[in-house]
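>>> Provided below are the primary sequence and the corresponding predicted coordinates.
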Amino acid sequence: MGGRFLSLVEREGWEFVTRHSAAGVVAVVAVTEQSELVLVEEFRVPVGRMCISIPAGLAGDGEDNQDEAFEAAAERELLEETGFSASSIELLSHSPTSPGLTDEVISFFAAYGLKRVAEGGGVDNEQIVVHLAPMAELDEWLDARAAEGCVFDTKLFAGIYFAKKLLS
């Protein structure tokens, strides 16, 4: 059974979802020179709430970019969502997003040499709010967002882990 972007498959008696419309998923850990973690917030229909995460998106998800390199996708998503460009991008790790539900794997990248070159906010019908959350006050910042009803994408927690490693 398949939709426009996802398919339900069965293998070895296990049902799971596969994404047939993209080569993979990228997420970007971006920390400014002022030690602020670059975050994005947008409404997510499946959970019915505003969701905070690190910049992320699909690689090779369009007819004109099916062969898009993951590094290029990470740079593109960072710019589209946040308005930041990076002087360099480095692969940090790969991780399954939900191994009991999907075969999807996310590639985490670090972005270095950030420069604000655009407003960000996403493309098409995306309505992304960009946040620069001070690493020194991140717990309090997240607590305040949770009190407002926001939920946190699990990529956020991986991003915090990587950001702390990059800053140490």
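Thanks, I have it.

>>> Distance check, the residue nearest the centre of the chain against Trp14.
Using CA atoms, centre = their mean, the residue of the chain that lies closest to the mean C-alpha position is Ala56, 2.2 Å off. In this structure, Ala56 and Trp14 are separated by 26 Å, where distance is defined by CB to CB, to the nearest Å. The way it works is simple: take the backbone N, C-alpha and C, and place the C-beta from them, glycine included.

>>> before we move on, which element is Leu37 in?
Secondary structure from DSSP states H and E places Leu37 in strand 36-44.

>>> Only C-alpha atoms, please: export that strand in PDB.
Included here for strand 36-44 are C-alpha records, laid out as PDB according to Å, rounded to 0.1, in the frame of the first residue of the first chain:
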ATOM      1  CA  GLU A  36      23.600  30.000  20.200                       C
ATOM      2  CA  LEU A  37      22.000  26.800  18.800                       C
ATOM      3  CA  VAL A  38      20.100  27.500  15.600                       C
ATOM      4  CA  LEU A  39      16.600  26.000  16.000                       C
ATOM      5  CA  VAL A  40      13.400  25.900  13.900                       C
ATOM      6  CA  GLU A  41       9.800  25.800  15.000                       C
ATOM      7  CA  GLU A  42       6.900  24.800  12.800                       C
ATOM      8  CA  PHE A  43       3.400  23.300  13.100                       C
ATOM      9  CA  ARG A  44       3.400  19.600  12.500                       C
END
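
>>> Give me the secondary structure label for Leu142.
Classification of Leu142 into helix, strand or coil gives helix, according to DSSP: H, G, I helix; E, B strand; the rest coil.

>>> count of residues packed around it?
Around Leu142 there are 18 other residues, counting by other CB atoms under 10 Å.

>>> on that earlier part again, contacting residues for the residue nearest to the residue nearest to the centre of the chain when sequence neighbours are not counted?
The spatial neighbour of Ala56 that comes closest, neighbours along the chain excluded (CB to CB, 6 or more residues apart in numbering), is Ala27 at 3.9 Å. Residues counted as contacts of Ala27 (CB atoms under 8 Å, 6 or more residues apart in numbering) are Ser53, Ile54, Pro55, Ala56, Ala74, Ile106, Ser107, Phe108, Phe109, Lys155, Ala158, Gly159.

>>> who does the worst-scoring helix or strand of the chain on mean pLDDT touch, helix- and strand-wise?
Every helix and strand of the chain was ranked by mean pLDDT, DSSP states H and E. The lowest is strand 14-19, at a mean of 78. Here strand 14-19 is seen to pack against strand 6-11 when contacts are counted using 3 or more CB pairs under 8 Å, 6 or more residues apart in numbering; DSSP states H and E.

>>> any idea of the mean pLDDT for the strand it packs on?
This predicted structure assigns strand 6-11 an average pLDDT of 82.
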